[in-house]
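Engineer: model the following, please.
(one chain, ligands or ions: 2)
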Amino acid sequence: MKGDARIGNFKQQDAPRYADALQCMRCGFCLPTCPTFALTGRERSSPRGRVALARAVAEEQLEFTAAVRDEAFFCLDCRACTSACPSGVRAGEIMEVCRSQAQAFHPLGYVGKTFREFVLHKMLPTPDLLETSLLPARLYQRLGIQWLVRRSKVLKLGSDWVNKAAGMLPELAPPLRKQLPKVIPARGERRGRVGFFLGCVMTLMYPQVSRQTVRVLSHQGFDVITPREIKCCGAPHLSEGDRETARQLALKNLELLMATDVEAIVTDCAGCGSALKDYEELLDGLVPAATLAAFRSKVRDVSEFLADVGLRIEKLIPVNTTVTYHEPCHLCHAQGVSQQPRTLLNQIPGVELLEMDESSWCCGSAATWGLKFSKESQQVLDRKLGNVAATGAELLVTANPGCQLQLAWGVREAGLPQQVVHLMELLGQATP
Ligand code: SF4
Ligand code: SF4
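Structural biologist: Numbering: from 1, shown residues only. Ligands and ions are numbered 1, 2, ... in the order given. As a prediction, this is how the structure comes out:
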């Protein structure tokens with residue numbers, strides 16, 4: 001049997017590639033980089049162990065048991081193991097694909113299935129519905145109920161994930177999607193034309209960040225096109241094992257963005273950027289390879305883009321502060337973008353970058369992982385916050401909304417003095 005074709009005890013649809021599992025030579029270099037191995041010390045919760053599980057299912061030595069499913073979902077998909085692996089094994093992605101097998105082998109009950117389908121098939125793919133769904137949360141804040149609830153500690157009576165989700169909610173402003181002009185012209189000497197991919201979490205939770213992103217791009221000399229019809233990037237679907245809906249969303253986004261006459265497709269969300277770059281693999285066989293390669297070559301994280309084209313620094317205003325930088329996993333490990341945010345930070349006049357230890361260690365957010373495994377997430381977060389506190393920096397800078405939500409909540413709960421900001425908020429502050 002050819003290595004790549006073997007399915008074994010997996011279902012045919014969206015099975016991990018056997019050849020990927022075969023690449024592991026069991027050297028163990030990945031073990032010290034894996035947060036779930038650090039938490040448990042269990043081989044099966046390590047990259048090497050997870051790859052071995054997938055291989056055993058493919059070789060029909062193991063059924064797709066509940067334990068295999070649980071390991072697939074316990075993986076943070078942080079991809080730290082990919083950065084460490086000399087053999088190019090992508091354990092996080094193998095687990096991500098394994099999650100799509102879970103529904104076939106261990107289907108949810110009626111209530112769970114209905115809720116899952118509503119969120120993944122209806123709410124996330126429909127921006128209007130998604131925005132409407134947050135109206136009650138905005139009212140809850142506007143009427144001062146959130147303030148009362150936090151002061152009275154009534155949330156401590158709920159389950160851990162409810163407490164955490166409610167505590168993480170930032171102050172919500174109206175969504176940005178319909179407010180952003182379709183075209184924002186370049187300021188000063190024009191350098192080009194870019195498309196802006198506005199992510200769902202950014203428009204809903206951090207509109208002020210993306211507002212700064214498009215403003216900075218415009219000040220840097222780029223016309224910024226923001227297509228309003230853009231859909232969710234599909235990252236939540238991949239994370240929950242719904243690859244089919246992710247594919248449908250990817251097809252729509254690809255068609256829309258390729259029809260826009262831009263030199264680059266820029267995003268300020270590391271999770272979206274990683275998902276967009278992965279379209280090449282997700283849509284393999286459905287879209288001509290040349291189109292996929294052309295799309296992939298255009299997608300850039302905003303820090304990657306600005307560092308590549310060179311930041312115009314002449315007019316930047318000093319921001320006198322000390323900062324430390326937390327690297328989002330989906331930026332440094334999934335996209336290999338690690339130096340560029342630091343390059344930009346070092347170019348902002350007045351900013352002093354104080355490096356933290358383990359800057360690329362996960363913060364424990366990882367989409368819904370931080371809510372599903374709230375106890376473990378707290379342990380991962382505590383390790384991160386210890387490293388943040390040791391720097392003594394005034395600001396904690398990151399580049400992904402999921403990290404920002406988790407870190408802002410963690411800093412607040414721990415009583416640390418740091419304010420958590422997105423890199424583009426800081427660059428926006430320095431932009432006249
Ligand atoms: S996943 Fe990579 S680093 Fe880890 S044991 Fe296998 S070959 Fe070694
Ligand atoms: S993706 Fe992260 S959590 Fe998952 S196996 Fe790799 S290092 Fe461990």
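Engineer: low-confidence ranges, the stretch 151-300 of the chain, go.
Structural biologist: Applying pLDDT under 70 to the stretch 151-300 of the chain picks out residues 151-158.
Engineer: where exactly do the strands run in it?
Structural biologist: Remark: strands assigned in the stretch 151-300 of the chain by DSSP state E, counting those that start in this stretch are 183-184, 192-197, 222-225, 264-267, 299-301.
Engineer: who are the contact partners of Leu396?
Structural biologist: 323-324, 326, 388, 407, 411, 418-421 (CB atoms under 8 Å, 6 or more residues apart in numbering). For glycine as for every other residue, the C-beta is placed from the backbone atoms N, C-alpha and C.
Engineer: could you export those as JSON lines, including distance to Leu345?
Structural biologist: Formatted as JSON lines, the contacts of Leu396 follow (distance: CB to CB, whole Å):
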{"residue": "Val323", "distance to Leu345": "6"}
{"residue": "Thr324", "distance to Leu345": "10"}
{"residue": "His326", "distance to Leu345": "12"}
{"residue": "Val388", "distance to Leu345": "15"}
{"residue": "Leu407", "distance to Leu345": "16"}
{"residue": "Val411", "distance to Leu345": "19"}
{"residue": "Gln418", "distance to Leu345": "15"}
{"residue": "Gln419", "distance to Leu345": "15"}
{"residue": "Val420", "distance to Leu345": "15"}
{"residue": "Val421", "distance to Leu345": "11"}
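Engineer: restrict these to the buried ones and give me that as a ChimeraX selection.
Structural biologist: ChimeraX command restricting these to the buried ones, with burial defined by 16 or more other CB atoms under 10 Å:
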select :323,324,326,388,407,411,418,420,421
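Engineer: so which helix or strand takes in the residue nearest to Ala408 when sequence neighbours are not counted?
Structural biologist: Counting by CB to CB, 6 or more residues apart in numbering, Val420 is the residue found nearest to Ala408 once chain neighbours are left out, at 4.2 Å. For Val420, the element it lies in under DSSP states H and E is strand 419-422.
Engineer: regarding the residue of the stretch 301-432 of the chain found nearest ligand 2, what is its secondary structure?
Structural biologist: When scored by CB to the nearest ligand atom, the stretch 301-432 of the chain has Cys362 as its residue closest to ligand 2, at 6.8 Å. Counting by DSSP: H, G, I helix; E, B strand; the rest coil, the backbone at Cys362 sits in coil.
Engineer: shouldn't it be in contact with Pro35?
Structural biologist: Yes. Using CB atoms under 8 Å, Cys362 is in contact with Pro35, at 5.1 Å.
Engineer: so what sits against both of those two?
Structural biologist: 76, 78, 80, 380.
Engineer: what about Ser338, distance to Val319?
Structural biologist: Per CB to CB, to the nearest Å, Ser338 is found 22 Å from Val319.
Engineer: ok, now Met424?
Structural biologist: Look at Met424 and Val319: by CB to CB, they are 13 Å apart.
Engineer: ok, now His333?
Structural biologist: The value you get for His333 to Val319, if CB to CB is used, is 28 Å.
Engineer: in terms of packing, which of these two has more residues around it?
Structural biologist: Per other CB atoms under 10 Å, whichever of His333 and Val319 has more neighbours is His333, with 25 against 16.
Engineer: the closest residue to ligand 1 within the stretch 251-400 of the chain: helix or strand, and which one exactly?
Structural biologist: The nearest approach of the stretch 251-400 of the chain to ligand 1 comes at His333, 13.3 Å away (CB to the nearest ligand atom). Assigned by DSSP H and E, His333 falls within helix 329-335.
Engineer: any part of that helix near ligand 2?
Structural biologist: No. Helix 329-335 is not in contact with ligand 2 by CB under 6 Å from any ligand atom; minimum separation 7.4 Å.
Engineer: check the offset of that helix from the chain's centre.
Structural biologist: 9 Å (CA atoms, centre = their mean, to the nearest Å).
Engineer: just want the most central residue of this protein.
Structural biologist: Gly271 (2.5 Å; CA atoms, centre = their mean).
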